[in-house]
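Undergrad: predicted coordinates and the sequence they were generated for:
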Amino acid sequence: MKRLLPLFVIFTLTACSTGGNEFQPSEQSFISGNGIVTIIEKDDREIAPPITGPLLGGGNYAQEQGRVQLMNVWASWCSPCRAEAPALQDLSSAHPDVQFVGVLTRDNLVAAQAFVDRFGLTYPTITDDALLADFTGQLSVNAIPTTLLIDKAGKVAARISGEITYSTLDELLTNLVNE
């Protein structure tokens, strides 16, 4: 029995290890932006990839053509995401002509649902962040949170890397709707 104890301890410790390859929300291994806004002039914009995927709570997201889109990439463990959530909800109410959607990244569904419930978010959240890879080469997601704005023609118009402010995003949305 004494010989088996060290093997049992090694096996137990190995079985509990993630090997460093899996994301652990407590690690805080993310890049937080500082709210820098990048705007693309209308003539220089590129077509955005389709925004689609399974939704938190079931169903699938269907992007509406011909509307301004706001796509906010977030995670429940992200402090700036928690800080901006009330402003995003208020903006979604103030801009019913804009289609808001969240994209959950590097998180679990239980924590995400608790986040949505806590902040009373009424706009949908896509739970598969694989669609973010399609934005590479345009204004890619480079921080958590990141907010992308897509114009009525379906082209990427702006990116906010990091926490949004109500006034900045309100002005950007108003300008895009009025284009």
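TA: Here it is on my side, so go on.
Undergrad: in the sheet, who's paired with Gly53?
TA: For Gly53, the beta-bridge partners are Tyr61 (DSSP bridges).
Undergrad: ok, now how distant is it from Tyr61?
TA: Between Gly53 and Tyr61 the distance is 6 Å, computed by C-beta to C-beta, to the nearest Å. All C-beta spots, glycine's among them, are computed from the backbone N, C-alpha and C.
Undergrad: anything in contact with each of those two?
TA: Shared contacts of Gly53 and Tyr61, defined by C-beta atoms under 8 Å, 6 or more residues apart in numbering, comprise Ile126.
Undergrad: which residues does the most centrally placed residue in the chain contact?
TA: Among the residues of the chain, the smallest C-alpha distance to the mean C-alpha position (C-alpha atoms, centre = their mean) belongs to Val73, namely 1.0 Å. Taking C-beta under 8 Å, 6+ apart as the definition of contact, the neighbours of Val73 are 102-103, 105, 129, 132, 141, 144-148.
Undergrad: so which of those residues is the most crowded?
TA: Sorting the contacts of Val73 by how many neighbours each has (other C-beta atoms under 10 Å) puts Pro145 first, at 30 neighbours.
Undergrad: sorry, back to before: surely the residue nearest to the centre of the chain forms part of a strand?
TA: Yes: looking at Val73 with DSSP: H, G, I helix; E, B strand; the rest coil, it is inside a strand.
Undergrad: how far away is it from Phe100?
TA: Val73 sits at a distance of 13 Å from Phe100 (criterion: C-beta to C-beta).
Undergrad: likewise for Ile160?
TA: Distance of Ile160 to Phe100, computed by C-beta to C-beta: 14 Å.
Undergrad: these two: who's more crowded?
TA: Set side by side, Ile160 and Phe100 show more neighbours around Ile160, with 26 against 23, by other C-beta under 10 Å.
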